[in-house]
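Asks: attaching a predicted model along with its sequence, questions to come.
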Amino acid sequence: MLKKIAIGLTVALAGHTAQAGDWLHCGNVFDSESGRLAGERYIEVTDNKITAVKVNAPGGDASVTDLSAHTCLPGLIDLHVHLDGQSGPDSYIKQFTENPADLALKAQHYGMKTLEAGFTTVRNPGDSDNVTIALRNAVNAGVVDGPRIYSAGKSLATTGGHADPTNGWKEELMGRPTPKDGVINSAADAREAVRQHYKDGADFIKITATGGVLSMASSGDNPQFTDEELKGLVDIANDYNFHVAAHAHGKAGMLRAVKAGITSVEHGTYMDDEVIAAMKEHGTYLVPTILAGKFVAEKAEIDGYFPDVVRPKAREIGPKIQDTFAKAYKAGVNFAFGTDSGVSAHGDNALEFQYMVEAGVPEAEAIQSATSIAAKLLKNDDIGHIEEGKLADIVAVKGNPLDDVTLLQNVSFVMKDGKVYKHL
């Protein structure tokens, strides 16, 4: 239980789950719809819901957590994380030494680092062995703690594509991955792969529409799906109410994916005016992952961190992402927050806000991209807002993040579903 002292002085204990009459006293509240600060508020949390947001203090013997020196915000949402691993010089050999159980335990550990950093909801666009589907189920069942997870399961690729799991393997191990393994080579394969993901329990579909930086293949940007494959995939995804996220660096593959009706472009490095016009026409979101670009560019200069086939791609592609995002933002492309954490270290997700602001985005819009806008992309109106009736996902930082967005790199308070996971 919360310790009941005088109103405004109560200290919440980590692990506490809200009961009727538990209140947070916030010195300010970020209104994620307007992008403005609403002023001092008292927020009542009952079980996992926000049951009141008031200007006046509650009366009687109320339990009140003192956040009066803090700005309260909706729980943050990162639309691009990979919880089942974290990059390092040994990442490539680990695919031969780690079992699904190892990956699942790592995913829970990295999920908690992400949650404690203030990200109460994440979208995981690609994993191994469906471990983040299993983790999502365990979190939802209360078996383990972690963020709310939207999982794509295995990313979909073409043979030799960015998400072909056998790239770089010796021939006798390589075999021929099938749609069940996430590798397709026709429209029929694409339909089968989407249906398999539905069977596996995925929440959405992730495709690798172009080459990528970290895969053991020479191109980081070539198109890797035909128009027919994309149409088959998106049509079936729509039948199952899946949105489709498309990893894409190169123009040609990106443009094909946008025209096919995908929901979001991840990275978007080489988008040009034609791609921007198509994204605006189709309402496509850009999830920029500037943090990942900066991270791989830095690590490319360290001998042995990446294999030789990866280093030139990291040097070329990584530094361009921030400038591309700036251009897309100025042109009016929809955008939402995502970091590609797992490439960079889990828990450092909030660095992305700083890089977005450096690219010309006002602090308020950067925060909206990780709250109300990200919730809209996920079609979940219960998160991303501090309002009566919404889920009690609330974080707090000391000071005003609209003056200094780097404050979000050090959240003081984290509540998810009414349960406190971090307190000052």
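Replies: Cool, got the structure. Numbering: from 1, shown residues only.

Asks: quick one, domains of the protein?
Replies: Following automatic domain parsing, the chain resolves into domains at 22-75+385-422, 76-377.

Asks: would you list those in JSON lines and tack on mean neighbour count and mean pLDDT?
Replies: Using the backbone N, CA and C atoms, a C-beta is placed for each residue, glycine as well. Formatted as JSON lines, the domains of the chain follow (neighbours: other CB atoms under 10 Å; pLDDT from 0 to 100):
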{"stretch": "domain 22-75+385-422", "mean neighbour count": "20", "mean pLDDT": "96"}
{"stretch": "domain 76-377", "mean neighbour count": "21", "mean pLDDT": "94"}
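
Asks: quickly find the element holding Tyr421.
Replies: According to DSSP states H and E, Tyr421 maps onto strand 419-422.

Asks: which strands and helices sit next to that strand?
Replies: Applying 3 or more CB pairs under 8 Å, 6 or more residues apart in numbering; DSSP states H and E, one finds that strand 419-422 contacts helix 100-116, strand 413-416.

Asks: gap between that strand and the chain center?
Replies: Taking the mean of its C-alpha atoms, strand 419-422 sits 20 Å from the chain's own mean (CA atoms, centre = their mean, to the nearest Å).

Asks: swap in stretch 378-391?
Replies: On CA atoms, centre = their mean, the centre of stretch 378-391 falls 17 Å from that of its chain.

Asks: mind exporting the C-alpha coordinates of it to PDB?
Replies: Extracted in PDB, the C-alpha atoms of stretch 378-391 (Å, rounded to 0.1, in the frame of the first residue of the first chain):
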ATOM      1  CA  LEU A 378      -1.100   1.300 -32.800                       C
ATOM      2  CA  LYS A 379      -4.900   2.000 -32.900                       C
ATOM      3  CA  ASN A 380      -4.900   2.000 -29.100                       C
ATOM      4  CA  ASP A 381      -6.800   4.900 -27.700                       C
ATOM      5  CA  ASP A 382      -6.300   3.700 -24.100                       C
ATOM      6  CA  ILE A 383      -2.600   4.700 -24.000                       C
ATOM      7  CA  GLY A 384      -0.700   7.800 -24.900                       C
ATOM      8  CA  HIS A 385      -2.900  10.200 -22.900                       C
ATOM      9  CA  ILE A 386      -3.400  11.300 -19.300                       C
ATOM     10  CA  GLU A 387      -7.200  11.400 -19.200                       C
ATOM     11  CA  GLU A 388      -9.900   9.900 -17.100                       C
ATOM     12  CA  GLY A 389     -10.700   6.400 -18.300                       C
ATOM     13  CA  LYS A 390      -7.300   5.800 -19.900                       C
ATOM     14  CA  LEU A 391      -4.800   3.200 -18.800                       C
END
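
Asks: now render the helices and strands packed on strand 419-422 as JSON lines, adding distance to Val310.
Replies: Output for the helices and strands packed on strand 419-422, formatted as JSON lines (distance: least, CB to CB, whole Å):
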{"stretch": "helix 100-116", "distance to Val310": "21"}
{"stretch": "strand 413-416", "distance to Val310": "34"}
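
Asks: quick one, which of those is nearest to Gly261?
Replies: Minimum separation from Gly261 across those (CB to CB) falls at helix 100-116, 29.8 Å.

Asks: quick one: name whatever helix or strand follows the closest one.
Replies: strand 119-124.

Asks: by contact count, what packs against that next one?
Replies: Partner elements for strand 119-124 (3+ CB pairs under 8 Å, 6+ apart): strand 76-78, strand 148-151, strand 413-416.

Asks: partner strands of it, parallel or antiparallel?
Replies: Paired strands of strand 119-124, with direction, are strand 76-78 (parallel), strand 148-151 (parallel) (DSSP bridges).
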